[in-house]
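Undergrad: How does the following fold in three dimensions:
(2 chains)
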Amino acid sequence: MTLEDLYREVIMDHYRRPRNRGTLGEANVVMEGVNPLCGDEIKLWLNIDDAGVITGASFDGHGCSISQSSASIMTEAVIGKPLADAHTVIADFRGMMLEGEAPDELLLGDGVALEGVRKFPVRIKCAVLSWNTLKLGLDEHAAGGGQRVELQHSET
Amino acid sequence: MTVPNSTADGLDATAIRADFPVLAEQVHERPLVYLDNAATSQKPRAVIDALQTYYETYNANIHRGLHALSERATAEYEDARARVARFINAEHPHEVIFTRGTTEAINLVARGWGDEYVGEGDEILLTEMEHHSNLVPWQMLAQRSGASLRYIPMDDEGRIDLQAYARMFGPRSRLVAVTHMSNVLGTITPAAELIQIAHQHDVPVLLDAAQSIPHIPVDVQALDADFVAFSGHKMLGPTGIGVLYGREARLDAMEPLFGGGSMIRVVELHQSSWTTLPEKLEGGTPNIAGAIGLGAAVDYLQTVGMPEVMAHEHELTEYALNLLSDLDGVRLFGPKDARDRGGVISFYVGDVHPHDVGTLLDAEGIAVRAGHHCAQPLMRKLGVAATARASLYLYNTAAEVDCLADGIARAKAFFE
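TA: Predicted coordinates for the structure are as follows:
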């Protein structure tokens, strides 16, 4: 176990220069996820068009470098994806983080850099916070038949 | 500036360290620097041996067997109670109720005392720096009873405004429940004054002493405290054992929380009567080994001497505050003056999240805590989601504080 496994260059880059940070002008899914263990919070905005494609995603919040970079990476991984594909990406990421399955690099993009977090068990929750929040948001969106979703403080 | 391992008061940290087997461990191929004592303390050989001796030579249930092992187990368990009572200067051993820990002790009061004496419109006084264990039980009592919680004014360093506090009392004031030492800020509250003022209004006081009793001499009679809650595992004892101290009359007036074995006098088909203290409040087979281990922990602390423990930690805290406040970009929480506080030091390093600081320090073998420390309202008041926290104990040394300071400087550089 070395610190380089955790703080890969790609991760530090997303941490220092987060992509898609801040509110999204037009959003029909707004989710807040909290990690009650450490107090980290993430807010997620998604815009899903009538064809079921994620046309926009952004995040804000406060947390450690792992949670913030993971959220940044996630937005990049799902923007422009149809919902079904987004679910596949989420499943691939969660499989990698929680089950130790080999990730699909084409699918996850920079997300594969987070694989090393598995060696730091207490930090896994940091990495999956935004992804769990996204999954919850998509599930709520589907359950509501595509209605606007706004949820606060969901425990992931 | 250096602090020798052996302080002026005669505490020899080097000799003490030899009594704690875990302190010889390596973590990530580095010597362990254990600075998470506010979460739980390490255990001396004497405590570990006491547990082992109980299980290996006289393991038996207490208060019921007529055989030799049970008699010995009962005697050792009650002896542990007596030692804990002496340690805090309780008037009677039966004023010491063994619980699982501070949380259970406070819930015991919230249920067993609160449900009897707190009703709709009544008020419970707390501070915003309470650990969740001295906050949530009162919120639950307030919801059951219709009572309300009122917060004693304090500044960001946890210093209580005693004049404002004195003005809060009214006919509906029922209880003051306050920490004796903040687990985040390290602030030591003026317990004697808080209790004296409350008693002028005939209001009892519960002191959450989880962070104070392990580190400073506490005399419950001198303080005139009504209830005092603390945990064994933060004072060199095992986990799963703690204490509710209550003045005899207060405990007598309480209803038991746990009905079952040991706590009854006569059981009939439709009703029962309770036995006397302390068994009335200790239903079921207690943590016998834990109590015996706590007795050994108390012996150890008394052999070293609580004034010596306090002096050593005070010196080390002062050293750490000086060293850390000199570090660029490090924000320290709690009183600046070591006289107002114990060795619990919360800090924030530049813009680096405390979890990242914690992971970087861990890589160097340094154990600290990072998070909200079960004090979310206080975190909100301080305007942070989390802090990193180093907390000291009798076996820590100035060299370890140096390691911490170096580690913090390296963590900051890593994220810049």
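Undergrad: Residue 74: which element?
TA: With no chain named, the answer covers chain A. helix A:65-78 (DSSP states H and E).
Undergrad: not quite, I wanted chain B
TA: Element membership of B:Thr74 [criterion: DSSP H and E] is helix B:68-87.
Undergrad: buried ones in that helix?
TA: B:70, B:72-74, B:76-78, B:80-81, B:83-85, B:87 (16 or more other C-beta atoms under 10 Å in any protein chain shown). Placement of C-beta: from N, CA and C, glycine included.
Undergrad: One more: stretch B:53-67?
TA: Under the neighbour-count criterion of 16+ other C-beta under 10 Å, stretch B:53-67 has B:54, B:58, B:60-63 buried.
Undergrad: Ok, stretch A:135-146 next?
TA: A:135-138, A:140-141.
Undergrad: Let me know the closest of those to A:Leu83.
TA: Proximity of those to A:Leu83 (C-beta to C-beta) peaks at A:Leu138, which lies at 6.4 Å.
Undergrad: I'd guess that closest one is in a helix, am I close?
TA: Yes. A:Leu138: assigned to a helix according to DSSP: H, G, I helix; E, B strand; the rest coil.
Undergrad: Double-check it against A:His87; I have them as touching.
TA: Yes. A:Leu138 is within contact range of A:His87, at 6.8 Å (criterion: C-beta atoms under 8 Å).
Undergrad: returning to that earlier point: of all pairs in the buried residues of helix B:68-87, which one spans the longest distance?
TA: Farthest-apart pair in these is B:Ser70 and B:Phe87; separation 25.7 Å (C-beta to C-beta).
Undergrad: if we can go back for a sec, which is the next helix or strand following the helix holding B:Thr74?
TA: As assigned by DSSP H and E, the chain's next helix or strand after helix B:68-87 is strand B:96-99.
Undergrad: Give the rounded mean pLDDT of that following strand.
TA: When pLDDT is averaged along strand B:96-99, the result is 98.
Undergrad: Pairing partners for that strand, with directions?
TA: According to DSSP bridges, strand B:96-99 forms sheet pairs with strand B:242-246 (antiparallel).
Undergrad: now the strand it pairs with against helix B:68-87, angle please.
TA: 60 degrees (axes from the mean of the first three to the mean of the last three C-alpha atoms, to 10 degrees).
Undergrad: show me where chain A has helices.
TA: A:3-6, A:9-16, A:65-78, A:83-94, A:105-108, A:124-143 (DSSP state H).
Undergrad: hmm, the first one touching chain B?
TA: Yes. With C-beta under 8 Å from any C-beta of the partner chain as the threshold, helix A:3-6 lies in contact with chain B, specifically through A:3, A:6.
Undergrad: Can I get that helix in PDB, CA atoms only?
TA: Output in PDB follows, covering the C-alpha atoms of helix A:3-6 (Å, rounded to 0.1, in the frame of the first residue of the first chain):
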ATOM      1  CA  LEU A   3       0.100   6.800  -1.100                       C
ATOM      2  CA  GLU A   4       0.600   6.800  -4.900                       C
ATOM      3  CA  ASP A   5      -2.100   4.100  -5.100                       C
ATOM      4  CA  LEU A   6      -4.600   6.500  -3.600                       C
END
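Undergrad: domains in chain B, as residue ranges please.
TA: B:13-31+B:306-415, B:48-303 (automatic domain parsing).
Undergrad: Determine which of these approaches A:Trp45 most closely.
TA: domain B:13-31+B:306-415 (20.1 Å).
Undergrad: and the gap between A:Cys64 and A:Gly39?
TA: 11 Å (C-beta to C-beta, to the nearest Å).
Undergrad: These two - which one has more neighbours?
TA: A:Cys64 (27 against 21; other C-beta atoms under 10 Å in any protein chain shown).
Undergrad: mind listing what the more buried one touches?
TA: By C-beta atoms under 8 Å, 6 or more residues apart in numbering or on different chains, the contact set of A:Cys64 is A:38, A:40, A:123, A:126, B:353-356.
Undergrad: Please tabulate those in CSV, including the columns neighbour count.
TA: Formatted as CSV, the contacts of A:Cys64 follow (neighbours: other C-beta atoms under 10 Å in any protein chain shown):
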residue, neighbour count
A:Cys38, 24
A:Asp40, 26
A:Arg123, 24
A:Cys126, 27
B:His353, 27
B:Pro354, 26
B:His355, 24
B:Asp356, 25
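Undergrad: hey, C-alpha coordinates of stretch B:234-250 in PDB?
TA: Once non-C-alpha atoms are left out, stretch B:234-250 reads as follows in PDB (Å, rounded to 0.1, in the frame of the first residue of the first chain):
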ATOM      1  CA  LYS B 234     -10.900   6.000  27.200                       C
ATOM      2  CA  MET B 235      -9.100   5.500  30.500                       C
ATOM      3  CA  LEU B 236      -7.000   2.500  29.800                       C
ATOM      4  CA  GLY B 237      -9.800   0.000  30.500                       C
ATOM      5  CA  PRO B 238     -11.600  -2.400  28.100                       C
ATOM      6  CA  THR B 239     -14.400  -1.400  25.800                       C
ATOM      7  CA  GLY B 240     -18.000  -2.200  26.800                       C
ATOM      8  CA  ILE B 241     -17.700  -1.000  30.300                       C
ATOM      9  CA  GLY B 242     -18.500   2.500  31.600                       C
ATOM     10  CA  VAL B 243     -20.000   4.200  34.600                       C
ATOM     11  CA  LEU B 244     -23.000   6.200  35.700                       C
ATOM     12  CA  TYR B 245     -22.200   7.900  39.000                       C
ATOM     13  CA  GLY B 246     -25.200   9.300  40.700                       C
ATOM     14  CA  ARG B 247     -25.700  10.700  44.100                       C
ATOM     15  CA  GLU B 248     -27.500   8.000  46.200                       C
ATOM     16  CA  ALA B 249     -30.800  10.000  46.400                       C
ATOM     17  CA  ARG B 250     -30.800  10.600  42.700                       C
END
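Undergrad: Can you give the distance from that stretch to the centre of its chain?
TA: Averaging C-alpha positions (C-alpha atoms, centre = their mean, to the nearest Å) puts stretch B:234-250 9 Å from its chain's average.
Undergrad: what's near enough to touch B:Gly290?
TA: So, once contact is read as C-beta under 8 Å, 6+ apart, B:Gly290 ends up touching B:98, B:232, B:237-241.
Undergrad: Which two among those are spaced furthest apart?
TA: B:Phe98 and B:Thr239 (13.4 Å).
Undergrad: Relative to chain A, how far out is B:Ile152?
TA: 24 Å (C-beta to the nearest C-beta, to the nearest Å).
Undergrad: B:Ala413: how many residues sit nearby?
TA: Using other C-beta under 10 Å, B:Ala413 has 10 other residues around it.
Undergrad: show me where pLDDT drops low in chain A?
TA: For chain A, the stretches with pLDDT under 70 are A:1, A:153-156.
Undergrad: now, among the buried residues of helix B:68-87, which is nearest to chain A?
TA: Nearest to chain A out of the buried residues of helix B:68-87 is B:Val84 (C-beta to the nearest C-beta; 32.2 Å).
Undergrad: Which single residue of chain A ends up nearest chain B?
TA: Closest to chain B within chain A is A:Cys64: 3.8 Å, counting by C-beta to the nearest C-beta.
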